[in-house]
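Engineer: Here's a sequence, model it:
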Amino acid sequence: MRILIGGSWITVICALLTGLWSVPQFLITGTVTLSSHPLFLVLFLFPAQVGVPVSLLTALNSVLMASRRRLVTPRRRLMAGGQVLTVGLLLTCALLLLLPTAFGREFIVMALAYQIGQVVVAIGLLLYLLQRRKWRRADEATRARTSPED
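Structural biologist: Residues are numbered from 1 along each chain as shown. Here you go, the predicted model:
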């Protein structure tokens, strides 16, 4: 479970950074370009080099957790499913690049595929945070009721 949650945090942050680079470009120009701009390294290249391998590791861990029937809550399923979706979309884009009919648009889809899967992961993380907050409040209420009064 720690790999799923920790890896999800890393990949969602990396997807947010790469999204800050690729999504505005795609919406404005219809393309995602590589650049010598200093922010390209910080917002796209480095986060992609960290996030994609972590997503692959987390997706493999998610498959193992699913085979052991440990994905019992919707938030775990969303996080795991989002990681598997991310890796599946990235692999599909990479395979499309190998086809003789590839014309380069696959790179645009690849840049955005990472964000698509990570939105699902982010929803799972949000549900996880809300559940933890709910448990913490219940725990504090229990402690307040059982503690000796002054």
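Engineer: Going by C-alpha atoms from here, please, whenever you check contacts or count neighbours.
Structural biologist: Will do.
Engineer: quick one, what contacts Leu89?
Structural biologist: Listed by C-alpha atoms under 8 Å, 6 or more residues apart in numbering, the contact partners of Leu89 are 110, 113-114, 117.
Engineer: Count the residues that sit near Gln49.
Structural biologist: By the measure other C-alpha atoms under 10 Å, the count of residues near Gln49 is 11.
Engineer: Can you mark which positions in the helix or strand where it lies are buried?
Structural biologist: Assigned by DSSP states H and E, Gln49 falls within helix 46-67. Buried residues in helix 46-67, counted by 16 or more other C-alpha atoms under 10 Å: 47-48, 51-52, 54-63, 65-66.
Engineer: Tell me which residues are up against that helix.
Structural biologist: Outside helix 46-67, the residues touching it (C-alpha under 8 Å, 6+ apart) are 3-4, 7-8, 10-11, 14-15, 17-18, 71, 80-81, 83-84, 86-87, 114.
Engineer: 6 Å - rerun?
Structural biologist: 4, 7, 11, 14, 80, 83-84 (C-alpha atoms under 6 Å, 6 or more residues apart in numbering).
Engineer: Filter those residues down to the ones in helices?
Structural biologist: Those of the contacts of helix 46-67 mapping onto helices are 4, 7, 11, 14, 80, 83-84, per DSSP state H.
Engineer: Which one of those residues is nearest to Pro100?
Structural biologist: Val84 (26.7 Å; C-alpha to C-alpha).
Engineer: related to what we said a few turns ago, tell me which of the ones in helices among the contacts of helix 46-67 is nearest to Ser35?
Structural biologist: Cys14 (18.3 Å).
Engineer: Cool, thanks, talk later.
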